[in-house]
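1. build me a structure from this.
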Amino acid sequence: MRKMTVRPILAAAILGLAALAAGCGEEIKKENEQLKAQVATLQKENADLKAQVAAAKGEADKAKQEMENAAKEWQAKLDELQQQLTRRGPAKASKR
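-> Predicted structure coming up:
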């Protein structure tokens with residue numbers, strides 16, 4: 001007789017757990033979809049940031065090269081002026 005009362009309680013418990021698991025399953029699926037969307041967004045942002053870094057690096061390299069070229073040009077002009085002053089001699093240079 002005791003087995004007869006345990007079976008319905010056990011069956012009800014199993015059905016209750018199944019219903020609970022089904023409800024949690026929907027929540028988990030919803031959360032999983034939200035996380036997938038968030039990961040996709042973050043991956044796109046990461047790709048965009050990588051592109052921005054690459055562009056900035058290219059601009060920095062270009063600016064560095066332009067600065068080096070300008071420094072060479074200034075040094076060449078300075079050398080040329082020093083040679084002109086040397087050719088004039090000290091007396092002519094001091095008249096200014």
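2. which element is the residue minimising distance to the centre of the chain on?
-> If you average the C-alpha coordinates of the chain and look for the closest C-alpha using CA atoms, centre = their mean, you land on Leu49, 3.9 Å from that point. With secondary structure defined by DSSP states H and E, Leu49 is part of helix 2-88.
3. quick check: mean pLDDT across that helix?
-> On average, the pLDDT along helix 2-88 is 89.
4. centre of the chain to it, how far?
-> In terms of CA atoms, centre = their mean, to the nearest Å, the gap separating the centre of helix 2-88 from the centre of its chain is 5 Å.
5. name the helices or strands packed onto it?
-> Using 3 or more CB pairs under 8 Å, 6 or more residues apart in numbering; DSSP states H and E as the contact test, no helix or strand touches helix 2-88. Glycine gets a C-beta too; all of them are placed from N, C-alpha and C.
6. Gly58: neighbour count?
-> Counted with other CB atoms under 10 Å, the neighbours of Gly58 add up to 10.
7. any idea how far it is from Ala51?
-> As defined by CB to CB, to the nearest Å, Gly58 lies at a distance of 11 Å from Ala51.
8. just Leu85 next, same as before
-> In terms of CB to CB, Leu85 sits 51 Å off from Ala51.
9. distance of Ala13 relative to Val6?
-> Separation of Ala13 from Val6 (CB to CB) stands at 10 Å.
10. cool, and Ala12?
-> The gap separating Ala12 from Val6 is 11 Å, by CB to CB.
11. again with Ala54
-> In this view, Ala54 and Val6 are 69 Å apart by CB to CB.
12. and Lys62, how far is that from Leu42?
-> Taken as CB to CB, the spacing of Lys62 relative to Leu42 amounts to 30 Å.
13. equivalent analysis for Leu17, please.
-> Note on Leu17: its distance to Leu42, by CB to CB, is 36 Å.
14. just give the number of residues close to Ile28.
-> Using other CB under 10 Å, Ile28 has 11 neighbouring residues.
15. from Leu35, how far out is it?
-> Between Ile28 and Leu35 the computed distance is 10 Å (CB to CB).
16. great, nothing more from me.
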